[in-house]
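Visitor: Curious how this folds, go ahead:
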Amino acid sequence: MASTGVVLSLVLLASVTIGVFANDPDMLQDVCVADLPSATRVNGFTCKNIDQITAEDFFFAGIGQPGQITNNILRSKVTGANVQDIPGLNTLGVSMARVDFAPYGLNPPHIHPRATEMIFVLQGELLVGFITTNNKLISKVVKTGETFVFPRGLGHFQKNLSKYPAAVLAAFNSQLPGTQQFAAALFTSQPPVPNDVLAQAFNIDVKNVENIRAGLSS
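Guide: Residues are numbered from 1 along each chain as shown. Modelled structure (predicted):
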């Protein structure tokens, strides 16, 4: 019986530990406003002297208006509202973003390595989806006033289905969720991924790899 009790205690401890570290660490003080110019690097950001913080450290107006969409192939614009925009978010474990879409615009397949994402559709109609680690696509059309969740670390996308603009607000359980777009990561990294690696991975020839690189870099 004692052995069973020890095993159960270890299982409980492991589950609690996993829960604690499932997202950003909890804060240990009232606020820790990020000292963004500081040269000191930690897992997060160092704190400003509390005597120097102001309301502006907790304020951001950047997602109140549609982002300016340039005439690019994606026809979308992401406006972040994370700790780099709102220093007061440091250690709080939350952030937001706004994504604006021109007609038929795309927020291409990408991941957030440090956060789960929940979107709220401000306007429009979008095809959204994520892919599980066993390559199952979970996809749905979401409309104005509806929400959808993308689990942490799984590839996902949003596509405007209509000839009218669309927009979403996104919430994250991290002060700095990070974003890595698959195509950009593979074809525009510096130094570049070798052409023969990409050609073999995608079962295409090197000329196709070069064409994709050129298209993404333009």
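
Visitor: Now do Thr46 against Ala170, distance only.
Guide: Going from Thr46 to Ala170 by CB to CB, to the nearest Å gives 27 Å. Any C-beta I mention is one placed from the backbone N, CA and C, and that applies to glycine too.

Visitor: Give me the more crowded residue out of those two.
Guide: Remark: of Thr46 and Ala170, Ala170 carries more neighbours, 24 against 15, as counted by other CB atoms under 10 Å.

Visitor: three-state assignment of that one?
Guide: Here Ala170 is recorded as strand under DSSP: H, G, I helix; E, B strand; the rest coil.

Visitor: isn't it right up against Asp100?
Guide: No - assessed by CB atoms under 8 Å, Ala170 is found out of contact with Asp100, at 11.6 Å.

Visitor: For Phe172, list each beta-bridge partner.
Guide: With beta bridges defined as DSSP bridges, Phe172 has these partners: Ser95, Glu117.

Visitor: Glu36 reaches Gln84, doesn't it?
Guide: Check again: residue 36 is Leu, not Glu. Yes - at 6.9 Å, Leu36 and Gln84 qualify as touching, with contact defined as CB under 8 Å.

Visitor: quick one: contacts for the residue positioned nearest the centre of the chain?
Guide: Central residue of the chain (CA atoms, centre = their mean): His112, 3.7 Å from the mean position. Counting by CB atoms under 8 Å, 6 or more residues apart in numbering, His112 makes contact with 150, 152-153, 172, 174, 177-179.

Visitor: now with 7 Å?
Guide: Each residue near His112 by CB atoms under 7 Å, 6 or more residues apart in numbering is listed here: 152, 172, 177-179.

Visitor: what's the spacing between it and Leu154?
Guide: Going from His112 to Leu154 by CB to CB gives 9 Å.

Visitor: Kindly report the same for Val31.
Guide: As defined by CB to CB, Val31 lies at a distance of 32 Å from Leu154.

Visitor: show me where pLDDT drops low in this structure?
Guide: Counting by pLDDT under 70, the chain contains low-confidence ranges at 1-23, 70-71, 218.

Visitor: Which residue ranges make up each domain of it?
Guide: Listed by automatic domain parsing, the domain ranges of the chain are 24-179, 188-217.

Visitor: So which of those domains is the most surrounded?
Guide: Of all the domains of the chain, domain 24-179 carries the top mean neighbour count, a mean of 16, counting by mean count of other CB atoms under 10 Å.

Visitor: Excluding residues flanking it in the chain, which one is nearest Pro151?
Guide: Of all residues beyond its chain neighbours, the one nearest Pro151 is Thr116 (5.6 Å), with distances taken as CB to CB, 6 or more residues apart in numbering.

Visitor: so the one you found sits right up against Arg152, yeah?
Guide: Yes - using CB atoms under 7 Å, Thr116 is in contact with Arg152, at 4.4 Å.

Visitor: any idea how far Pro25 is from Phe59?
Guide: Counting by CB to CB, the gap from Phe59 to Pro25 is 24 Å.

Visitor: One more: Leu137?
Guide: Distance from Leu137 to Pro25, counting by CB to CB: 33 Å.

Visitor: Could you do Thr179 as well?
Guide: Going from Thr179 to Pro25 by CB to CB gives 21 Å.
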